[in-house]
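> need a 3D model of the following:
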Amino acid sequence: MPAGDDRTHLRHEAERLRWAGAWVPVPSVLELGADDEGSWLVTSTVPGRSAVDPRWLAEPRTAARAIGAGLRALHDALPVEGCPFDWGVATRLAGAEPPLPVPEVDVLVVCHGDACAPNTLLHDDGRWSAHVDLGALGVADRWADLAITAWSTEWNYGADFAGEVYEAYGVQPDEGRLAFYRALWDAT
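Below is the predicted model:
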């Protein structure tokens, strides 16, 4: 990041990568630094290709299923108890009014925070490999991630693949929670 930009984002990303790396495949933090010219975060490489790599754009159904399975694996592996990061509605709104009535929490998990298709890596055989870009990772309702994950398949693959995400994750779409968390995403 150029000098003068908020360096807090990279520090938050590094903290979350270090914490999550104890339970799920994510890049390891190799270096975090800053000087008068800017700030940087250097991470290890992880196996796989982004779910929006041309390889996966050509096989969107496989990619969408892997994204859903990878999100479920992340949610199942990361422990809510002891997670030092919050991504709940109140934190995200920071005192502002919610865009819609806030639904009750369905299942509290540690959310990715930006669980869109580009931030899921896939092995060549179509299984999920790792997650990247965890700068917003924190405890929230699982639908905060699911809403954006499924939505991102529409942006990246077309309108017919969100159902693959839900099926691979193991849920039926909850239209009320999807609408709320998508409105919250747009508002924050």
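> okay, CA-based contacts and neighbour counts for the rest of this
Will do.
> could you check how far the spatially most distant residue from the centre of the chain is from R7?
The outermost residue of the chain relative to its centre, with distances by CA atoms, centre = their mean, is D36 at 31.0 Å. Counting by CA to CA, to the nearest Å, the separation of D36 from R7 is 12 Å.
> could you do A90 as well?
Where R7 is concerned, A90 sits at a distance of 23 Å (CA to CA).
> again with R18
On the measure of CA to CA, R18 and R7 end up 17 Å apart.
> number of residues surrounding V139?
25 (other CA atoms under 10 Å).
> where is the longest helix in this structure?
Looking across the chain with DSSP state H, the single longest helix is helix 60-77.
> who does that one touch, helix- and strand-wise?
helix 54-57, strand 108-111, strand 120-122, strand 128-131, helix 142-157, helix 162-169 (3 or more CA pairs under 8 Å, 6 or more residues apart in numbering; DSSP states H and E).
> looking at the ones you listed, which is closest to G82?
Nearest of the helices and strands packed on helix 60-77 to G82, taken as CA to CA: strand 108-111 at 10.3 Å.
> could you list the domains of the chain?
8-43, 49-187 (automatic domain parsing).
> so the most centrally placed residue in the chain: helix, strand or coil?
Residue closest to the average C-alpha location in the chain (CA atoms, centre = their mean): A115, at 2.4 Å. Put simply, A115 is coil when judged by DSSP: H, G, I helix; E, B strand; the rest coil.
> skipping adjacent residues, who's closest to it in space?
Once flanking residues are discounted, A115 sits nearest to T149: 5.2 Å by CA to CA, 6 or more residues apart in numbering.
> ok, the one you found - contacts?
Taking CA atoms under 8 Å, 6 or more residues apart in numbering, we find T149 in contact with 67-68, 114-117, 165.
> can you tell me which of these lies nearest to G135?
Using CA to CA, D114 comes nearest to G135 of the contacts of T149, at 8.1 Å.
> thinking again about what came up before, okay, A90 and R7: which has more neighbours?
Set A90 next to R7 and count neighbours by other CA under 10 Å: R7 wins out with 16 against 13.
> pLDDT score for the closest residue to that one other than its chain neighbours?
Distances taken as CA to CA, 6+ apart place S39 nearest to R7, at 6.4 Å, with adjacent residues excluded. Note on S39: pLDDT of 92.
> which strand residues bridge S39?
Taking DSSP bridges, one obtains A34 as the residues bridged to S39.
> okay, now it: neighbour count?
Quick note: S39 (other CA under 10 Å) scores 19 neighbours.
> for V102, see how far away R92 is.
Applying CA to CA to R92 and V102 gives a distance of 12 Å.
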